[in-house]
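Q: got a predicted model here, sequence first, then my questions.
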Amino acid sequence: MAVLVLAVGMFLGLCICFALFLKWNEIRYTRKGLPPGTMGWPVFGETTEFLRYGPDFMKNQRARYGSLFKSHIFGCPTIISMDPELNRHILLNEGKGLVPGYPQSMLDILGKCNIAAVHGSTHKYIRGSLLSLIGPSMIKDQLLPKIDQSIRSFLCNWQGKNIDIQERTTEMALFISFKQILETESNSIYEIFKPEFDKLVAGTLSLPINIPGSNYHYGFQGRKRVIKILRQIIKERRASSITHNDILGHLLRNDGSKYHLNDKEILDQVITIMYSGYETVSTTSMMAIKYLHDHPIALQQIRVRRAFSDSRQEKPGDKIDWDNYKSMSFTRAVIFETSRLATIVNGVLRKTTKDIELNGFIIPKGWRIYVYTREINYDPLLYREPLTFNPWRWLDKSLESRNYCFMFGGGSRLCPGKELGIVIISTFLHYFVTKYRWEEVGGDEILKFPRVEAPNGLHIRVSKF
Ligand code: HEM
């Protein structure tokens, strides 16, 4: 009997402790003017609920508290905005104290001169430099011919093979950007570079605890080795009289460009280009293959309306040039529809640099703002039958430039690699669908949250078309 009373007493005690903890955490973050919402447990907040229930957690909180609510996720008090108009306002008003708010681990490992770590005039300068390297005129004259060639050789010999398309598109995304940056050295050092770069990437998504064995620690080691390799290449290039016509060559020569970066900025710029287009390009490519497989009419259409404009017949061996690319409107539509339906990017993070008023609420300095754009992709008022894969809707070009189309971000941080990413994916899709047929072999599962991935790979059997 005494044992039972003790057990019940302990149980009640624990319940009271938990309730007090929760209450304390709520009171800690109760301030006049803050939006409604819950803060969960001390330190952990509501991260577990967010990761476990993802979109449903967000929708439930919105149903209870409205489109702007507070929470505590990934170690920070966070305001979540699901209001399209307010999201747009936040993205357009960086100058009013709404700067990027990416996790510390990401900023530490991508470097102090990384574009997400800089604001104001420095951001403008770094972004200008980036656009001069990967913007439309560079794509047209320099990058597209190399992308075309790399993707053709990448797709060689897939005939008759069972492949994991997730693995291959990941490989493709990194190798293509690596080749554009370091054309001459790409074949000789890629194999030693890739594992170090993958450590760096994993480190950016970890808790910032620098102890041996942690991803953060590995991430730093990866960064150190990546920097060492790049410094060595820069040294060798400077000591040689050969002209290199790749992105690093342009950065080192500063020819005709008004942007002159120092070595630290050059290194972070190179890492940024490789990092930013890695997961986005690979995942969109994989999901496009998945959706095309599941929608034979769209697949047929992309083959029929493939690449080149109706006025010109494609001949075998024809390369994709800028005009061809521009006429690939259905391929572009497939990419946008894939990006929307799979929601490759759930939203973007901002941080307040001072107390800010949003929709009548006061957001304290230093709080994160999660500009959560996922639900906009499934809004039936914006996209009829939003859960249907319908690339044809994007043939109406005005859809891309609508105010609430945030798949590539918005405002002064609108993705500078948008066109480059679309060029790479379009080229890959063009050659893949016209060269091969494929069928899925595994019935593999695809997770859509918190990131789009096939945990066991997405296996397909490829045969010649
Ligand atoms: C399908 C492919 C891609 C998608 C869906 C995508 C998506 C995005 C989004 C949503 C943002 C906004 C982030 C923010 O506001 O905080 C962004 C920014 C950025 N993206 Fe992309 N991206 C893609 C491809 C690329 C590629 C290929 C590159 C580079 C080679 C790139 C480089 C960047 C950079 C550097 C930024 C930061 C811009 C700034 O802070 O001013 N992206 N991207």
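A: That came in fine, so what should we check first? Numbering: from 1, shown residues only.
Q: so what secondary structure elements neighbour the helix or strand that contains S71?
A: Of the helices and strands defined by DSSP states H and E, S71 is found in strand 68-73. Packing contacts for strand 68-73, counted by 3 or more C-beta pairs under 8 Å, 6 or more residues apart in numbering; DSSP states H and E, involve helix 47-65, strand 76-81. Every residue, glycine included, has its C-beta placed from N, CA and C.
Q: winner for burial among those?
A: strand 76-81 (a mean of 22; mean count of other C-beta atoms under 10 Å).
Q: so what does it touch, helix or strand wise?
A: Using 3+ C-beta pairs under 8 Å, 6+ apart, strand 76-81 is in contact with strand 68-73, strand 368-372.
Q: run through who's touching the helix or strand following it.
A: Note on strand 76-81: by DSSP H and E, the next helix or strand toward the C-terminus is helix 84-92. Outside helix 84-92, the residues that touch it by C-beta atoms under 8 Å, 6 or more residues apart in numbering are 67-68, 81, 98, 348, 350, 358-359, 369, 371-373, 376, 379, 403-404, 406, 409-413.
Q: let's see it at 6 Å
A: 81, 98, 350, 359, 371, 376, 403-404, 410-411 (C-beta atoms under 6 Å, 6 or more residues apart in numbering).
Q: need the residues you listed in CSV with distance to T204, pLDDT and secondary structure, can you?
A: Below are these laid out as CSV (distance: C-beta to C-beta, whole Å; pLDDT from 0 to 100; DSSP: H, G, I helix; E, B strand; the rest coil):
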residue, distance to T204, pLDDT, secondary structure
S81, 24, 98, strand
L98, 22, 98, strand
R350, 18, 98, strand
N359, 31, 96, coil
V371, 19, 98, strand
I376, 26, 97, helix
N403, 30, 93, coil
Y404, 28, 93, coil
G410, 22, 96, coil
G411, 23, 96, helix
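Q: PyMOL command to pick out the buried ones of those residues?
A: Listed next is the PyMOL selection for buried residues among those, using 16 or more other C-beta atoms under 10 Å:
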select buried, resi 81+98+350+371+376+410+411
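Q: I'd like the contacts of helix 84-92 as JSON lines, with distance to the ligand appended.
A: Output for the contacts of helix 84-92, formatted as JSON lines (distance: C-beta to the nearest ligand atom, whole Å):
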{"residue": "S81", "distance to the ligand": "13"}
{"residue": "L98", "distance to the ligand": "11"}
{"residue": "R350", "distance to the ligand": "7"}
{"residue": "N359", "distance to the ligand": "20"}
{"residue": "V371", "distance to the ligand": "8"}
{"residue": "I376", "distance to the ligand": "12"}
{"residue": "N403", "distance to the ligand": "15"}
{"residue": "Y404", "distance to the ligand": "13"}
{"residue": "G410", "distance to the ligand": "7"}
{"residue": "G411", "distance to the ligand": "7"}
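Q: re the thing from before, could you check the angle the strand holding S71 makes with strand 76-81?
A: Per axes from the mean of the first three to the mean of the last three C-alpha atoms, to 10 degrees, the angle that strand 68-73 makes with strand 76-81 is 150 degrees.
Q: M407: how many residues sit nearby?
A: 21 (other C-beta atoms under 10 Å).
Q: you'd agree it is up against S339?
A: Yes - the pair M407 / S339 is scored as a contact, 4.6 Å apart, by C-beta atoms under 6 Å.
Q: show residues contacting the helix or strand containing S129.
A: If you go by DSSP H and E, S129 is part of helix 120-134. Identification of contacts with helix 120-134 by C-beta under 6 Å, 6+ apart yields 115, 118, 247, 250, 257, 259, 261, 416-417, 420.
Q: give the buried residues for that helix.
A: Those would be 123, 125-127, 129-130, 132-134, for helix 120-134 by 16+ other C-beta under 10 Å.
Q: what does stretch 282-294 give?
A: Along stretch 282-294, these residues count as buried under the neighbour rule (16+ other C-beta under 10 Å): 282-293.
Q: on that earlier part again, mind checking the pLDDT average for the helix holding S129?
A: For helix 120-134, mean pLDDT rounds to 97.
Q: residues of this protein that sit close to the ligand?
A: Proximity of the chain to the ligand, by C-beta under 6 Å from any ligand atom, involves residues 100, 115-116, 127, 130, 134, 272-273, 276-277, 280-281, 284, 339, 344-345, 348, 407-409, 413, 415-417, 420-421.
Q: narrow these to those in strands?
A: Members of the residues of the chain next to the ligand lying in strands (criterion: DSSP state E): 100, 348.
Q: what about S463, distance to the ligand?
A: 28 Å (C-beta to the nearest ligand atom, to the nearest Å).
Q: let me see the contact set for that residue.
A: Residues near S463 by C-beta under 6 Å, 6+ apart: R437.
Q: quick check: which element contains V334?
A: Using DSSP H and E, V334 sits in helix 329-342.
Q: pull the CA atoms of that helix into CSV?
A: Taking Å, rounded to 0.1, in the frame of the first residue of the first chain, the C-alpha atoms of helix 329-342 are listed here in CSV:
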residue,chain,number,x,y,z
SER,A,329,8.6,26.1,-72.0
PHE,A,330,7.1,22.8,-71.0
THR,A,331,10.3,21.6,-69.4
ARG,A,332,10.3,24.8,-67.4
ALA,A,333,6.7,24.3,-66.5
VAL,A,334,7.5,20.8,-65.2
ILE,A,335,10.3,22.2,-63.0
PHE,A,336,8.0,24.9,-61.5
GLU,A,337,5.2,22.4,-60.9
THR,A,338,7.7,19.9,-59.3
SER,A,339,9.0,22.7,-57.0
ARG,A,340,5.5,23.7,-56.0
LEU,A,341,3.9,20.2,-55.5
ALA,A,342,6.9,18.7,-53.7
